[in-house]
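All I have is the shape, not the residue letters:
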């Protein structure tokens, strides 16, 4: 039985990390089984979202020719929302860094490509447990039968019950994740083009701060698809818990904000969804290697929340795990020591380097969220309100009043605390 | 229909006959916050005050996992639905 159900590598989870890992292993001529719990890859996945061109090319060099892509993003807008006003900073360049995609189509396409290249894809199958022997992972238990492998790769997503089961990580805390809710709203292509000032193949991304998420560790987002707009927000789970907030109420408020409402007006809701985002960052990366097993993607907490990057970290971590697996298979050595090459490669890549760069960011912002995600957003808006107002009051008088308010709105000590936080943060990001 | 019901109406489900979410009712009875009834994006959990019981509308679960992490007593039994069951996102 054990010999019949034995393969070289089992990858658990058919998302970007798992597919990238599996296809890289298959290309090396090794036997790999990819197990996905959904009806098809992408059917349990939710993101903003956009996939990134360069990292995706590393896995599928010609993906731009045949993958189901929605729009190539040429504009990034940063919306800083007050209660009923907003300031939008936008950067536009006709250069393709990312594409908006629908995961149910894109992940499925990736999985089909992987199958064509030799990956054995098993859908609609949940891995319930890992099989251990002498402290080494030697296979997986599904609902139906047991499968054995030399190496098991866990790419089972943010909840990674399997990594927890074998003690690679403890339980997640509410402050380690953001709960994200999203709506995909159908709108005619022409309407999207007009409202977002783009041509038919071009897209626009909104990153939204403040508004209903004022003073909270949370971020809103909007992405344009061909015939729909994805709008959503993610808020640290501990914020929702502490403030007793329902995530969909916040999203409804965001949709009603005067800066956002006209963009989605008249649209028809295609689908509502929810997902967790790993937000723990560098300090919460679990053990990612043990005897016979490696962990990739969201399961390893590999998300750079400062830059909205996740799928790229997933893909590249999957690829690095695959390269390690190929060498380990060549040597016939599946010990933690042999697989630790994956850890080294991750640490030498942008993945861990970037997460380390921002290791203090979330903590610092969380400590002063009332200021950085509340007060200053309102202040930026009140500056522009002052600057654009025409009311027969002399300008100098208005400037003086505004500047004075910076020192009198709050205790002076708060201003110094903010500046100190910024200096410390910049130091940690740029220097060490 | 409430706003949330309208939202959930757009989601495709293949419900199982048995819940994949198993609260420990003794813990729920003494729970201070019953935070699952608030933070769940699909309002899966409802507290029935007369029966002193947590009602679980598991058919609506979006499988995000927030309730498991937020559960005050960390007692919520949470697993993925069977491979053929649960939510199928088409627009994720």
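Great, that's in hand. Just so we're clear, the structure is a prediction, and the values are computed from it rather than from any experiment.

In the chain, where is pLDDT below threshold?
Reading this off chain A. A:1-2 (pLDDT under 70).

sorry, should have said chain B
In chain B, residues with pLDDT under 70: B:1.

show me where chain B has helices.
Here chain B has its helices, by DSSP state H, at B:3-9, B:25-30, B:36-39, B:66-70.

Mind listing residues that contact the longest one?
The one in question is helix B:3-9. For helix B:3-9, the external contacting residues (C-beta atoms under 8 Å, 6 or more residues apart in numbering or on different chains) are A:183, A:248, A:252, A:269, A:272, B:1, B:42, B:43, B:60. C-beta here means a position set from N, CA and C on the backbone, and glycine is covered the same way.

The last one contacts residue B:44, doesn't it?
Yes - because the distance of 5.5 Å satisfies C-beta atoms under 8 Å, residue B:60 is recorded as touching residue B:44.

about what we covered before: redo the helices of chain B as JSON lines? Include mean neighbour count and distance to residue A:238.
Formatted as JSON lines, those follow (neighbours: other C-beta atoms under 10 Å in any protein chain shown; distance: least, C-beta to C-beta, whole Å):
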{"stretch": "helix B:3-9", "mean neighbour count": "15", "distance to residue A:238": "22"}
{"stretch": "helix B:25-30", "mean neighbour count": "13", "distance to residue A:238": "20"}
{"stretch": "helix B:36-39", "mean neighbour count": "22", "distance to residue A:238": "10"}
{"stretch": "helix B:66-70", "mean neighbour count": "24", "distance to residue A:238": "8"}
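
wait, doesn't residue A:248 sit right on residue B:39?
No - at 10.5 Å, residue A:248 does not count as touching residue B:39 under the criterion of C-beta under 8 Å.

Neighbours of residue B:57, how many?
Neighbourhood size, residue B:57 [other C-beta atoms under 10 Å in any protein chain shown]: 15.

what separates it from residue A:364, distance-wise?
To residue A:364, residue B:57 is 39 Å away according to C-beta to C-beta, to the nearest Å.

Mind telling me what element residue A:325 is part of?
helix A:311-331 (DSSP states H and E).

can you tell if that helix touches chain B?
No - shown here: helix A:311-331 not in contact with chain B (C-beta under 8 Å from any C-beta of the partner chain), separated by at least 11.8 Å.

Can you give the distance from that helix to the centre of its chain?
Relative to its chain's centre, helix A:311-331 lies at 20 Å (C-alpha atoms, centre = their mean, to the nearest Å).

swap in stretch A:395-403?
Relative to its chain's centre, stretch A:395-403 lies at 42 Å (C-alpha atoms, centre = their mean).

which residues touch it?
Stretch A:395-403 has contacts (C-beta under 8 Å, 6+ apart) with A:382, A:383, A:386, A:389.

Make a ChimeraX selection of the buried ones in those.
A single ChimeraX command is used to select the members of the contacts of stretch A:395-403 judged buried by 16 or more other C-beta atoms under 10 Å in any protein chain shown:
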select /A:382,386
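
In the helix holding residue A:325, which residues are buried?
A:311-326, A:328-329.

quick one, phi/psi of the closest residue to residue A:120 other than its chain neighbours?
Using C-beta to C-beta, 6 or more residues apart in numbering or on different chains and skipping residues adjacent in sequence, the residue nearest residue A:120 is residue A:33, 4.6 Å away. Per-residue torsions, residue A:33: phi -110, psi 130 (degrees, to the nearest 10).

hmm, stretch A:232-252 touching chain B?
Yes - counting by C-beta under 8 Å from any C-beta, chain B is contacted by stretch A:232-252 at A:237, A:240, A:241, A:244, A:245, A:246, A:247, A:248, A:252.

What subset of the residues you listed is buried?
Among these, those that count as buried by neighbour count (16+ other C-beta under 10 Å) are A:237, A:240, A:241, A:245, A:246, A:247, A:248, A:252.
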